[in-house]
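> model the structure of this input:
(4 chains)
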2 protein chains.
Amino acid sequence: MSNNVLNNELGPIVQKTMADVVEIRLREYLKEKSFKPGDPLPKELEIAQSLGVSRNVVREALSRLRMLGMVETKKKRGMVLARPDILSSLERVLDPLIIGESTLQDIFEIRLTLEMGLADLLYLRKTKKDVEELEQIAKTQKVTGGRQTFRIKNEIAFHGKIYQMTGNETLQRFQNMLLPVFGYLVSLEKVPIIGKVSHLDLVEILKHGSKEEFRQGMLQHLQHHFDKLKRNP
Amino acid sequence: MSNNVLNNELGPIVQKTMADVVEIRLREYLKEKSFKPGDPLPKELEIAQSLGVSRNVVREALSRLRMLGMVETKKKRGMVLARPDILSSLERVLDPLIIGESTLQDIFEIRLTLEMGLADLLYLRKTKKDVEELEQIAKTQKVTGGRQTFRIKNEIAFHGKIYQMTGNETLQRFQNMLLPVFGYLVSLEKVPIIGKVSHLDLVEILKHGSKEEFRQGMLQHLQHHFDKLKRNP
DNA sequence: ACATTTGTTATGTAGTACATAAGGACTATT
DNA sequence: AATAGTCCTTATGTACTACATAACAAATGT
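Predicted coordinates:
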């Protein structure tokens, strides 16, 4: 029997702690009873007793759900199910220094993918005011030009504005959250590379051009990033 | 002074518990000391004593970090910093029944954006074998045709395969994780809508067409979804 | 009728005690 | 000397108790 097969059949023994189990049981319980935001949860002691564990363990599990924003607690009123903010949980682990190299690369590609794909939303929702503001940002860059730190800030402002123009708040926050990742990746670059299509060019397209032209423009703008991507072996 | 201004200046009083504080302090500590995956953490008791809180509180905070995969603990060896899996934390809160309506909509749009944007990655990495497998999936649909449950499964298989073909594992997992969200949204649709461009058409483009053609094809394929999106007011 | 006090209750925090598993050290056996 | 077995230490996992605190409810006083 090959080692590979063995690996599939015998996974590593994961010693689940009681807190892990209680967390899972609680999630199941909430699902089964189809709890909705605002519904009150049982008391800690009741949960502990009915599960046959100490209150301590229950509190560890609840502490996790609380961190994710799934439950909120008030001192005497008890606990209620809440609407978790999906991105805040992501935010907690998105540290470029902690996550692995390959994941960093994946995230970078996802950003490129998003930027190539958001033309449709953009043309659906952009306003004249938005485009003017974007133009201001692009012009600011042209004027000040030089220094590296400012260049990066401006780059962020420009692309951030584009995300904002899609009218999708989650998308905007997502991109905002990814900034440290890109800051990290950009800091690895030796020489700043400038695409063939500038920010002002993109603004011009937004003003008078079509969706497809914008997509082509964005592709040109990001081309040097695509060039560095690993092709298929 | 308008109410709005007041709201901005005086946020709600958030009663931070000790566990919250300890969690934050621990994160700061790990950052400051620039801990890397594998480095051992201090013992629970040491942390508790140096922070002046009970071991109980420390355990709650550690329990959270453990859930996120940031630390792993072994019985006597102590705790070590680990590489969190960024998506598993997202997975925990991505329940279409819990997250809000507007976030659901946002996520749906993000998926559309991704599908419109992944042509570049796709053409960079697709292999002949991939395209053949995709064709098989598309053909299977054509043959069996009818039943709704199968149609959905096939839809998922087809688009899932496309994500897989990008060679971006994080992206693939991300899309996989979003499936329940779409299952939920699709279940709200009364009549199944079929785009002008079929799966087989897309395969044909992948075989002989260009990136741009594929993007146009995908746009046609998803057009009815875009049609339903809210325009800018 | 309203304000004040008192009581109750569920969560938050502290502290103690013991179980358990994982090493490490030490000894015994071949 | 190498291996096997035993004991000991140690850090985490779990349980239990006790009390603080805030929020609400009820009772009380004016």
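> what stretches of chain A score poorly on pLDDT?
A:1-13, A:141-148, A:190-194, A:232-233 (pLDDT under 70).
> go again using 50 as the cut-off
Along chain A, the model assigns pLDDT under 50 to residues A:1-8, A:145.
> find the nearest non-adjacent residue to the spatially most central residue of it, please.
Geometric centre of chain A, nearest residue: residue A:174, 3.7 Å, by C-alpha atoms, centre = their mean. Nearest in space to residue A:174, with sequence neighbours left out and distances taken as C-beta to C-beta, 6 or more residues apart in numbering or on different chains, is residue A:87 at 6.4 Å. Using the backbone N, CA and C atoms, a C-beta is placed for each residue, glycine as well.
> likewise for residue A:92?
In space, residue A:92 is closest to residue B:68, 6.0 Å off (C-beta to C-beta, 6+ apart).
> ok, residue A:49 to DNA strand D distance?
Residue A:49 is 9 Å from DNA strand D, where distance means C-beta to the nearest atom of the strand, to the nearest Å.
> now for that residue, how many residues are close by?
Residue A:49 sits with 14 neighbouring residues when counted by other C-beta atoms under 10 Å in any protein chain shown.
> try the one 10 residues further on
By other C-beta under 10 Å, the residues close to residue A:59 number 22.
> residues contacting it?
Counting by C-beta atoms under 8 Å, 6 or more residues apart in numbering or on different chains, residue A:59 makes contact with A:44, B:56, B:60.
> for chain A, which segments count as strands?
Applying DSSP state E to chain A gives strands spanning A:71-74, A:78-81.
> and chain A, which residues reach DNA strand D?
For chain A, the contact set with DNA strand D under C-beta under 7 Å from any atom of the strand comprises A:17-19, A:52-57, A:74-77.
> ok, and which of the residues you listed reach chain B?
A:19, A:56 (C-beta under 8 Å from any C-beta of the partner chain).
> so which of the residues of chain A next to DNA strand D are also by DNA strand C?
A:56, A:75-76.
> mind listing what residue A:196 touches?
Per C-beta under 8 Å, 6+ apart, neighbours of residue A:196: A:220-221, A:223.
> how about chain A: which residue is closest to chain B?
Residue nearest to chain B within chain A (C-beta to the nearest C-beta): residue A:117, separated by 2.5 Å.
> burial count for that residue?
By other C-beta under 10 Å, neighbour count at residue A:117 equals 25.
> against residue B:35, how distant is the closest residue to residue A:107 other than its chain neighbours?
Leaving aside its chain neighbours, residue A:107 sits nearest to residue A:181 (5.5 Å; criterion: C-beta to C-beta, 6+ apart). Distance, residue A:181 to residue B:35, by C-beta to C-beta, to the nearest Å: 19 Å.
> tell me which residues touch residue A:229, please.
Counting by C-beta under 8 Å, 6+ apart, residue A:229 has contacts A:109, B:121, B:124.
> quick one: contacts for the residue lying closest to the second one once chain neighbours are set aside?
Spelled out, that is residue B:121. Leaving aside its sequence neighbours, residue B:121 sits nearest to residue B:166 (C-beta to C-beta, 6+ apart; 4.1 Å). Residue B:166 is in contact with A:109, A:113, B:118, B:121-122, B:125, B:172, counting by C-beta under 8 Å, 6+ apart.
> by neighbours, which of those residues wins?
Using other C-beta under 10 Å as the neighbour criterion, residue B:118 leads the contacts of residue B:166 with 27 neighbours.
> who's in contact with that one?
Counting by C-beta under 8 Å, 6+ apart, residue B:118 makes contact with A:113, A:116-117, B:162-163, B:166, B:171.
> fine, thanks again, bye for now.
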